[in-house]
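In: Here's my sequence, what's the structure:
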Amino acid sequence: MERLWLAADYHFPGTYSLRIPLSSVNNTRVMPAPGPGTVRLALIRTGVELFGLRATREDLFPSLCAIQIRVRPPAQIAMTPQRLHGYKWSRKQHTPHLSLITRDMAQTSAIMTIYLHIPAHEEQMYRMLLHTVGYWGQSDSLTTCVAISERSPLPGECMMPLAALPPTSSVQPFFLCLASEFRHAHLSWEEVVVATPAKQEPFVRLDLSLWPLLIQRRGECTLLTWCPLPT
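Out: Numbers count the residues shown, from 1 in each chain. All right, here's what the predicted structure looks like:
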């Protein structure tokens with residue numbers, strides 16, 4: 001089957017907060033860009049909005065589970081902790097009470113790129129999906145697609161699982177965090193989309209992933225600057 005790489009460029013018009021998996025809801029750390037699992041879920045949601053439930057389940061979903069996804073983060077990202085009013089649930093009193101929470105917020109004027117390695121005959125369908133995505137994860141991570149082209153990712157420019165890094169390579173001083181990915185390429189629609197009381201196991205796995213971003217600390221703030229990973 002003939003395949004091609006589609007590259008979709010995205011702009012974040014404001015601050016965004018993509019929560020790192022397993023981070024505390026009361027002291028949330030954020031990712032510089034969505035992980036592959038988040039990208040797949042966003043495209044499923046967008047597919048339902050564009051094509052309807054049945055077409056997404058039967059036509060899009062099997063392909064979307066199987067394609068390769070690469071994520072190139074923006075060239076510069078500033079991360080700043082913000083203190084917000086929130087609610088915590090009291091188990092003793094069984095009521096929520098007002099509390100102070102900390103959430104990292106990211107901001108960038110640079111472009112993020114999502115690469116999809118897709119079957120050539122599905123190019124138009126994926127172009128429509130990529131153009132229509134309006135946010136990643138939750139609606140506090142709004143985004144706009146500014147361009148789509150046919151090009152492949154360059155070595156070292158995208159996030160990669162730590163396990164895929166050459167054994168002699170150093171992870172310092174690059175940004176490192178957990179990222180979600182689908183457990184395997186043959187998941188069923190029910191495993192991913194249908195809510196059941198008790199699923200056998202999660203449909204996503206968490207990979208410790210390295211980002212091509214150098215870390216600079218400036219007080220409470222963090223500045224991430226793009227730099228290719230060793231390959």
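In: what sits against Tyr16?
Out: Neighbouring residues of Tyr16 by Cβ atoms under 8 Å, 6 or more residues apart in numbering: Val30, Met105, Ala106, Gln107, Trp136, Asp140, Ser141, Leu142, Thr143. Backbone N, C-alpha and C define where each C-beta goes, glycine included.
In: tell me, what residue is most central in the protein?
Out: Pro34 (1.6 Å; Cα atoms, centre = their mean).
In: Looks to me like that one is in a helix.
Out: No: applying DSSP: H, G, I helix; E, B strand; the rest coil, one finds Pro34 to be coil, outside a helix.
In: quick one: it from Ile20, how far?
Out: Note on Pro34: its distance to Ile20, by Cβ to Cβ, to the nearest Å, is 11 Å.
In: now Leu210
Out: Taking Cβ to Cβ, one finds Leu210 at 14 Å from Ile20.
In: Also Leu229?
Out: 19 Å.
In: again with Gly219
Out: To Ile20, Gly219 is 21 Å away according to Cβ to Cβ.
In: ok, those two, which is more surrounded?
Out: Ile20 (17 against 6; other Cβ atoms under 10 Å).
In: Give me the below-cutoff pLDDT ranges for this structure.
Out: 23-27, 85-94, 97, 99-100, 195-200 (pLDDT under 70).
In: element containing Gln82, please.
Out: strand 76-90 (DSSP states H and E).
In: In the next helix or strand after that strand, which residues are buried?
Out: Next helix or strand after strand 76-90 toward the C-terminus (DSSP H and E): strand 95-107. Residues Ile101, Arg103, Asp104, Met105, Ala106 are the ones in strand 95-107 that count as buried (16 or more other Cβ atoms under 10 Å).
In: Redo those as JSON lines? Include distance to Leu64.
Out: As requested, the buried residues of strand 95-107 are exported to JSON lines (distance: Cβ to Cβ, whole Å):
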{"residue": "Ile101", "distance to Leu64": "34"}
{"residue": "Arg103", "distance to Leu64": "30"}
{"residue": "Asp104", "distance to Leu64": "29"}
{"residue": "Met105", "distance to Leu64": "29"}
{"residue": "Ala106", "distance to Leu64": "26"}
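In: Which parts of the chain are strands?
Out: Ranges of strands within the chain are 3-11, 18-19, 27-28, 30-31, 68-72, 76-90, 95-107, 112-119, 144-150, 160-161, 174-182, 204-218, 221-226, based on DSSP state E.
In: Minimum distance to Thr46: which of those strands has it?
Out: Closest to Thr46 of the strands of the chain is strand 144-150 (Cβ to Cβ; 10.7 Å).
In: where's Glu123 relative to His184, distance?
Out: Using Cβ to Cβ, we find Glu123 at a distance of 25 Å from His184.
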